[in-house]
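Asker: Below is the sequence, then the predicted model.
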Amino acid sequence: MSNRLQERLGALSAARLKGMRRGIEKESLRALPDGKLALTPHPLALGSALTHPHITTDFSESQLELITGVHAGVESALEELTQVHQFTYRVLDQLGDERLWVSSMPCGLPTDETIPIGRYGSSNVGRAKSVYRMGLSHRYGRRMQTISGIHYNWSLPDVSSEQYFALIRNFRRHAFLLLYLFGASPALCSSFVAGRPHELQPLGDGSMFMPHGTSLRMGRLGYQSDAQASLAVSYNSLDGYGASLQDALTRPWPAYESIGIRNLGGDYNQLGTSLLQIENEFYGTIRPKRVINPGERPLHALRERGVEYVEVRLMDLDPFETVGINAQTMRFIDVFLLHCLLSDSPDDTPEEIADLARNQHLTAARGREPGLRLSRGGSEVTLTDWGIELVEECLPIAAALDAAQGGTLHTDAVNAARAALQNPDSLPSARVLAAVEQQHANSFIGFVRAQSEQTRAALLALPFSAEQQAAFERMTAESIQEQKRIEAADTMPFEIYREQYVSPARLGIARGRMAVAA
């Protein structure tokens, strides 16, 4: 550990360390017992996907997103996430036999155009959310959008925008470690890659895999596009990041211009024809974030009030964990993010950005390959050597967190990471492949079906009080009323709303307000 890192760590008070906050957003497809996608609408008993604070949908009507509030403790965040799951499963159980698919890579998918897009009602904000998703389907195909993951939102008190961007640069440099340690998507259903070029190997009937893969979701089969590959977004400052995002949000893109905003029948194809329709279309492993005011563009909020927290976006669902993630993993992420914040963070360069993309793809596809080498500062280093260096530097940070909070749980999490670097067979990605091969006759779908059923049974068996049930039913009713209120208050024609929303003037600092939450 460098002296500067040691000094910065020493300057962090216990009170500030206790001020660390985190929250979780978890996406999961609704699936049928046979491992196929459920094509039913978002259940009304789960409330309005537009306005419910904890239960919404992501890209697809069949893709639930379960959201916690902001938590001071890892356990309380997991407890809330578990309760949201319990209520969701109880609703699904009453309606039939759907369950949540516990893998990041999707279940058996129908033809692309029959995957249902999320619906949010008749208000302008609700219609805009659906039109945005229609745009994603035209630009990238619907299959790609059914990939699910966990987003981990994290903040520490008194961190400036400049410091958050330094954290982000280091996170991008070292993200390979999280993909290696926690990637859990080394295999998939062959329906996902039907008609697409890929480097996967066959694994039994109807399944494909990479023998040393960790997270196919974060590799070349995941959120990739030629258009976005043309973006070299720099994270050296909020100004530079804002400028490159504004360019992507306003630059016409010929392939998207040819799709058009509306089809011949007058239905909307997309919100706009620029390289990005809105900010959330930009795919990254981590994002600077700010809570937006009603009626505000995310980029405007960042520029006007600075970064409030970061959103870590590369975590796979762990099919062996009831809610997709466990406390030890969350503690390691907390330590890792503190390491990214406290370490020296030189400016990124176009060359380094290209190297980082290559490192990400190599780790996703071949991370457990013995002797795999990554690019670092113009030379090559083995993934495990680099990973062990980082983990060693994390130990004093873990010790500081343990001193502030009591116990040894953060140190235990870092020691577990070190052990996993030395024993790749213990990693979630290796355990998934072992279970697929040894217990499910090389069937990815068979493995995830069994894990999904086990998870469903475990969550339905947990105690859930009448008070908890009533509280969630209240939220359902309130969210439906709130959607109706928004719809009743709308007076503006949708086309005027859309034009105003995508106007470049709304991305600056001192302009009017209007919201499309993605």
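Answerer: It's in. Numbers count the residues shown, from 1 in each chain.
Asker: Figure out the helix or strand that Ser375 lives in.
Answerer: Using DSSP states H and E, Ser375 falls within strand 373-376.
Asker: What is that strand packed up against?
Answerer: helix 350-366, strand 379-382, helix 383-405 (3 or more C-beta pairs under 8 Å, 6 or more residues apart in numbering; DSSP states H and E). All C-beta atoms are positioned from the backbone trio N, CA, C, and that covers glycine.
Asker: Show the average pLDDT along it.
Answerer: For strand 373-376, mean pLDDT is 97.
Asker: Okay, buried residues for it please.
Answerer: 374-376 (16 or more other C-beta atoms under 10 Å).
Asker: Glu467: which of those residues is nearest?
Answerer: Leu374 (50.9 Å; C-beta to C-beta).
Asker: if I read this right, that closest one contacts Thr384, doesn't it?
Answerer: No. Assessed by C-beta atoms under 8 Å, Leu374 is found out of contact with Thr384, at 10.1 Å.
Asker: In space, what's closest to Val323 - neighbours in sequence excluded?
Answerer: Excluding the flanking residues, the one nearest Val323 by C-beta to C-beta, 6 or more residues apart in numbering is Leu81, at 4.9 Å.
Asker: tally of neighbours for the one you found?
Answerer: Per other C-beta atoms under 10 Å, the neighbour tally for Leu81 reads 24.
Asker: try the one 10 residues further on
Answerer: Number of residues near Val91 (other C-beta under 10 Å) recorded here: 19.
Asker: Use 42 as the first number from now on
Answerer: New numbering, starting at 42: the last item is Val132.
Asker: who touches it in this structure?
Answerer: 84, 86-87 (C-beta atoms under 8 Å, 6 or more residues apart in numbering).
Asker: so how far is Leu107 from it?
Answerer: Val132 is 12 Å from Leu107, where distance means C-beta to C-beta, to the nearest Å.
Asker: For Pro147, give me its contacts.
Answerer: 70, 78, 184, 187-189, 229-230, 233.
Asker: just Tyr221 next, same as before
Answerer: So Tyr221 contacts 255, 404, 408-409, 424, 428, 462, 468 (C-beta under 8 Å, 6+ apart).
Asker: What distance separates the opening and closing residues of stretch 183-203?
Answerer: For stretch 183-203, the first-to-last residue distance is 36 Å (C-alpha to C-alpha, to the nearest Å).
Asker: Would you mark the buried spots in that stretch?
Answerer: 183-197, 200, 202.
Asker: re the thing from before, if we only consider the contacts of Pro147, which is nearest to Gln446?
Answerer: Taking those together and measuring to Gln446 by C-beta to C-beta, the closest member is Ser189, at 30.9 Å.
Asker: Touching, the closest one and Leu141? I think so.
Answerer: No. Using C-beta under 8 Å, Ser189 makes no contact with Leu141, being 9.2 Å away.
Asker: Spit out the residues that contact those two alike.
Answerer: Between them, Ser189 and Leu141 share the contacting residues 69-70, judged by C-beta under 8 Å, 6+ apart.
Asker: Got phi/psi on Ala216?
Answerer: Torsion angles at Ala216 (phi, psi; degrees, to the nearest 10) stand at phi -60, psi -20.
Asker: for the stretch 242-391 of the chain, which spans come out with low pLDDT?
Answerer: 264-266 (pLDDT under 70).
Asker: all helices for it, in order.
Answerer: 267-270, 279-291, 295-300, 339-346, 368-383, 391-407 (DSSP state H, counting those that start in this stretch).
Asker: I'd like those helices laid out as JSON lines, including distance to Leu442 and mean neighbour count.
Answerer: As requested, those are arranged in JSON lines below (distance: least, C-beta to C-beta, whole Å; neighbours: other C-beta atoms under 10 Å):
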{"stretch": "helix 267-270", "distance to Leu442": "35", "mean neighbour count": "13"}
{"stretch": "helix 279-291", "distance to Leu442": "28", "mean neighbour count": "17"}
{"stretch": "helix 295-300", "distance to Leu442": "45", "mean neighbour count": "13"}
{"stretch": "helix 339-346", "distance to Leu442": "28", "mean neighbour count": "20"}
{"stretch": "helix 368-383", "distance to Leu442": "7", "mean neighbour count": "23"}
{"stretch": "helix 391-407", "distance to Leu442": "26", "mean neighbour count": "18"}
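Asker: Need these in TSV (columns: distance to Arg63).
Answerer: What follows is the helices of the stretch 242-391 of the chain, written out as TSV (distance: least, C-beta to C-beta, whole Å):
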stretch	distance to Arg63
helix 267-270	27
helix 279-291	22
helix 295-300	36
helix 339-346	20
helix 368-383	7
helix 391-407	23
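Asker: Out of these, which is closest to His239?
Answerer: helix 391-407 (10.1 Å).
Asker: Can you report how many residues lie near His83?
Answerer: His83, neighbours per other C-beta under 10 Å, totals 23.
Asker: do the same with Asp466
Answerer: Applying other C-beta under 10 Å, I find that Asp466 has 10 neighbouring residues.
Asker: Checking it next. Helix, strand or coil?
Answerer: What DSSP: H, G, I helix; E, B strand; the rest coil gives for Asp466 is helix.
Asker: what's near enough to touch it?
Answerer: Asp466 neighbours (C-beta under 8 Å, 6+ apart): Ala475.
Asker: Against Arg409, how distant is it?
Answerer: 8 Å.
Asker: same check, this time on Phe206
Answerer: 32 Å.
Asker: about what we covered before: quick one: which of the helices of the stretch 242-391 of the chain is nearest Met249?
Answerer: That would be helix 391-407 among those, by C-beta to C-beta, at 12.2 Å.
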